[in-house]
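Engineer: What follows is a predicted structure for the sequence shown.
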Amino acid sequence: MKPNTVGPNTANKVAIIGTGIVGASVAFACLMRGVASEYLLYDLDESLAWGHTLDLEDSAFISSAELRAIQRTNAQECGQADIIVIAAGYRQGPGETRDMLLTRNENILKDVIHCISPIKSSAIVIMATNPVNILTDLAQRLTGLPRSQVFGSGTYLDTIRLRTAIKKALQGEVEESSIQAYVLGDHGDKQVAIWSSATIAGTTLTSFEELEHMITREKIAHATATKIYEIIEHKGASSYGIAAVVTELILAITMNKRTVIPLTVYSERYDACLSLPSVLGVRGIERIFYPAMNPKEQALLEDYVMCNRVICAKYRIPELAAAEE
Ligand SMILES: NC(=O)C1=CN([C@@H]2O[C@H](COP(=O)(O)OP(=O)(O)OC[C@H]3O[C@@H](n4cnc5c(N)ncnc54)[C@H](O)[C@@H]3O)[C@@H](O)[C@H]2O)C=CC1
Ligand SMILES: CC(=O)C(=O)O
């Protein structure tokens, strides 16, 4: 089957659901990169979506794209978009973890899917709302689309944070995308930085003088996992990183790049949704990779999957529990 879309700014329609700080930043970043020809902006707060549409319209000349605010009464139009980005929902307050958002955001996700359905059978859904792994699992079930077409931003942002910290440790000698290091599993406190198979040009990172001590690597991994708490402390919420991430994801889809990106996907091996390096192309997730890990990293990842299962079992919405029986 041939890809039905090629190149940025072709006839792609992108719907952004939730035009808070994240949704609006995603729209702006997409406009600046010219990733689509049309954007639909939908939020429960219709006035906010309208305000952002007016404001973003002033920047849309950069890529000659069309912007439209969508009201709740015609939210179904969003379900017919080629790519649907879901960023509706509560964000963490100071001291809150992403998992603490689950019950509130589960209900919002149900409302969103209900409002935009029926969803076009070829649509790709990108989840950003937290906790992203569990909500991606729910979105896969609620939309009824093949799981390969519904994925979450996962640990892409954490991986970028890790690579940026490694670059700093190496005094900026190597740029981020040349550093083959991943954060996997949880986009949250139980994320796992995989050092054992991390390399630059085939040279293991642990053999670099600046990274040879475990304590240095642990500090870097901890700073990566807790960076969000520092951002919240100083400015209340993060937005630029996820905006850049979603833009890259849309480009990987529309240009059928088949880039390997750590994303929230359903893994048969773990029988769970977690973040793993995945090939992303025009039809969504095409392949999942399982990088080599040392026993400690493997145990941490398995521990996360177990904890995630407990959370899922505790909070599983009745409709999904019934669907699983
Ligand atoms: N995956 C990632 O790497 C990241 C995820 N996030 C997550 O993105 C989500 C949004 O964060 P922010 O934009 O900062 O929050 P925000 O509070 O600024 O915006 C959320 C928006 O969702 C809207 N909304 C609520 N219920 C809705 C519904 N039923 N239908 C349509 N819209 C609805 C609200 O009206 C609001 O405008 C949070 O869950 C946050 O944790 C944020 C940054 C990175
Ligand atoms: C909010 C969030 O998930 C992040 O910036 O990592």
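Structural biologist: Noted; the coordinates are in hand. Ligands and ions are numbered 1, 2, ... in the order given.
Engineer: Please count neighbours and contacts with C-alpha atoms only from this point.
Structural biologist: Will do.
Engineer: How about residue 64: what's its closest non-neighbour residue?
Structural biologist: residue 37 (7.3 Å; C-alpha to C-alpha, 6 or more residues apart in numbering).
Engineer: Tell me the residues of the stretch 51-200 of the chain that contact ligand 1?
Structural biologist: 87-92, 108, 111-112, 128-130, 132, 153, 157 (C-alpha under 6 Å from any ligand atom).
Engineer: right, and out of those residues, which lies closest to residue 273?
Structural biologist: Nearest to residue 273, judged by C-alpha to C-alpha, of those is residue 132 at 9.4 Å.
Engineer: The closest one against residue 154, yeah?
Structural biologist: Yes: using C-alpha atoms under 8 Å, residue 132 is in contact with residue 154, at 6.5 Å.
Engineer: Pull up the overlap in contacts between the two.
Structural biologist: Overlap of the contact sets of residue 132 and residue 154 (by C-alpha atoms under 8 Å, 6 or more residues apart in numbering) consists of 187, 264.
Engineer: packing partners for the host helix or strand of residue 84?
Structural biologist: In this structure, residue 84 sits in strand 83-86 according to DSSP states H and E. Where contact means 3 or more C-alpha pairs under 8 Å, 6 or more residues apart in numbering; DSSP states H and E, strand 83-86 is packed against strand 13-17, strand 124-127.
Engineer: Summarise which helices and strands whichever helix or strand comes after it is packed against.
Structural biologist: Per DSSP H and E, the first helix or strand lying C-terminal to strand 83-86 is helix 102-116. When contacts are defined as 3+ C-alpha pairs under 8 Å, 6+ apart, helix 102-116 packs onto helix 132-143.
Engineer: Quick check: next helix or strand after the helix it packs on?
Structural biologist: strand 150-152.
Engineer: Tell me the confidence at the residue nearest the centre of the chain?
Structural biologist: The residue lying closest to the centre of the chain (C-alpha atoms, centre = their mean) is residue 153, at 1.2 Å. Per-residue pLDDT puts residue 153 at 98.
Engineer: Once you drop chain neighbours, what's closest to it?
Structural biologist: Per C-alpha to C-alpha, 6+ apart, closest to residue 153 is residue 263, 5.3 Å.
Engineer: List the residues that contact that neighbour.
Structural biologist: 151-156, 274-278 are the contacts of residue 263 under C-alpha under 8 Å, 6+ apart.
Engineer: Now do the SS call for residue 29.
Structural biologist: What DSSP: H, G, I helix; E, B strand; the rest coil gives for residue 29 is helix.
Engineer: Oh, that last question was meant for residue 257, not what I typed.
Structural biologist: Relying on three-state DSSP, one would call residue 257 coil.
Engineer: ok, now how distant is it from ligand 1?
Structural biologist: Per C-alpha to the nearest ligand atom, to the nearest Å, residue 257 is found 21 Å from ligand 1.
Engineer: That residue contacts residue 280, doesn't it?
Structural biologist: Yes: the pair residue 257 and residue 280 qualifies as a contact (C-alpha under 8 Å) at a distance of 7.0 Å.
Engineer: Which one of these two is surrounded by more residues?
Structural biologist: residue 280 (27 against 16; other C-alpha atoms under 10 Å).
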